[in-house]
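Visitor: Sequence first, predicted coordinates after that:
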Amino acid sequence: MRFLSPRRCLALIAVVIVIILQLLSTTLLIQAQDGQPVPSNPFLPIQPTPEPLFQLPFAVPPGPTTWLLGQPYGNTINAYYQRNTLYRASGGIHFGSDFSAPCGTEIVAIGDGLVFAVDGSFGSPPHNLMIDHPQAGYASMYGHLLETPSLIPGQQVMQGQVIALVGDGGSDCSAYPHLHLEIRDLGHLRKYNPALFINANWNNLTLMGSSTRSFMRNLAAPRTWQTLYDQPEVRIGGPIMNDFISTWPLDWSLLP
Ligand SMILES: [Zn+2]
């Protein structure tokens, strides 16, 4: 058996070091290409990078006797089945975040702002409230309220101020009391994902409910719109965005 000479041994070590350095530089190059670090686990949700502008709409922490995250914003299974009815007006997706809470739970303003409308034509009956946040460049809409908020258009509200009470879309608090919260532009036509704007531990909030697995999977693009953060913006009157041909779970209504 022949042993390598010290000279060849050094050459071999040098070659190995060069290979390792090349592998490292390739990895760094991939990371730098789009300015975003490549996630170590592609199935983990990617956190929004900018600092969230707003706070949660409740003064008390989440829990079984206070409030929990219900249906999240986006391409939910529930919205898919109602894309041509309840959610048709805004692209067929669930265009707000739902927070389940007992009727009468106090709702607070998510940011400083000015009341734009009380019981305006913004849906989410029986009562709703639109607050503009001019400094942030967005508006917040609070729907399915228990009663007409005792505020008037133009009135100033402060972040954390109690502005309304949780009600029920069925209006008598016997069905599914919850707050439907939307983030809109100041023209009130575009709707955005509240998880990108509200400072909260959204990952933990989903652990306390059944919402994490509730996004509809489009089998033609199975990784699209599958996390809390990766969801589309919509606008009122825009095209249906989730009219998928084949889905998972299966659309049983289309099966023979
Ligand atoms: Zn909702």
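Guide: Perfect, I can see it now.

Visitor: Going by C-alpha atoms from here, please, whenever you check contacts or count neighbours.
Guide: Noted.

Visitor: At the contact with the ion, which residues of the stretch 151-256 of the chain appear?
Guide: H180 (CA under 5 Å from the ion).

Visitor: Looking at the stretch 151-256 of the chain, which residue is nearest the ion?
Guide: Distances between the stretch 151-256 of the chain and the ion by CA to the ion are smallest at H180, namely 4.4 Å.

Visitor: pLDDT score assigned to that residue?
Guide: pLDDT recorded at H180 is 97.

Visitor: who touches it in this structure?
Guide: 96-99, 124, 141-144 (CA atoms under 8 Å, 6 or more residues apart in numbering).

Visitor: and with 10 Å instead?
Guide: Each residue near H180 by CA atoms under 10 Å, 6 or more residues apart in numbering is listed here: 70-73, 94-100, 124, 128, 141-145, 166-169.

Visitor: Identify those among those that sit within helices.
Guide: Using DSSP state H, no member of the contacts of H180 falls within helices.

Visitor: among those, which are in strands?
Guide: Of the contacts of H180, the ones assigned to strands by DSSP state E are 97-100, 141-143.

Visitor: all strands of the stretch 51-200 of the chain, in order?
Guide: Taking DSSP state E, counting those that start in this stretch, the strands of the stretch 51-200 of the chain run over residues 68-69, 97-100, 106-108, 113-118, 129-133, 138-143, 156-157, 162-165, 178-185, 190-192.

Visitor: Verify the contact between L69 and A195 for me.
Guide: No. L69 lies out of contact with A195 (CA atoms under 10 Å); the separation is 11.1 Å.

Visitor: Overlap of the contact sets of the two?
Guide: Counting by CA under 10 Å, 6+ apart, the common neighbours of L69 and A195 are 97, 202.

Visitor: circling back: bridging residues for the residue of the stretch 151-256 of the chain closest to the ion?
Guide: Going by DSSP bridges, H180 is paired in beta bridges with D98, G143.

Visitor: Also D185?
Guide: On the basis of DSSP bridges, D185 is bridged to Y138.

Visitor: and it, how many neighbours does it have?
Guide: By other CA atoms under 10 Å, the residues close to D185 number 18.

Visitor: re the thing from before, any idea how far G92 is from the residue of the stretch 151-256 of the chain closest to the ion?
Guide: Using CA to CA, to the nearest Å, we find H180 at a distance of 16 Å from G92.

Visitor: can you give me the helices for the protein?
Guide: Ranges of helices in the chain, per DSSP H, are 6-33, 77-81, 202-207.

Visitor: Alright, that wraps it up for me.
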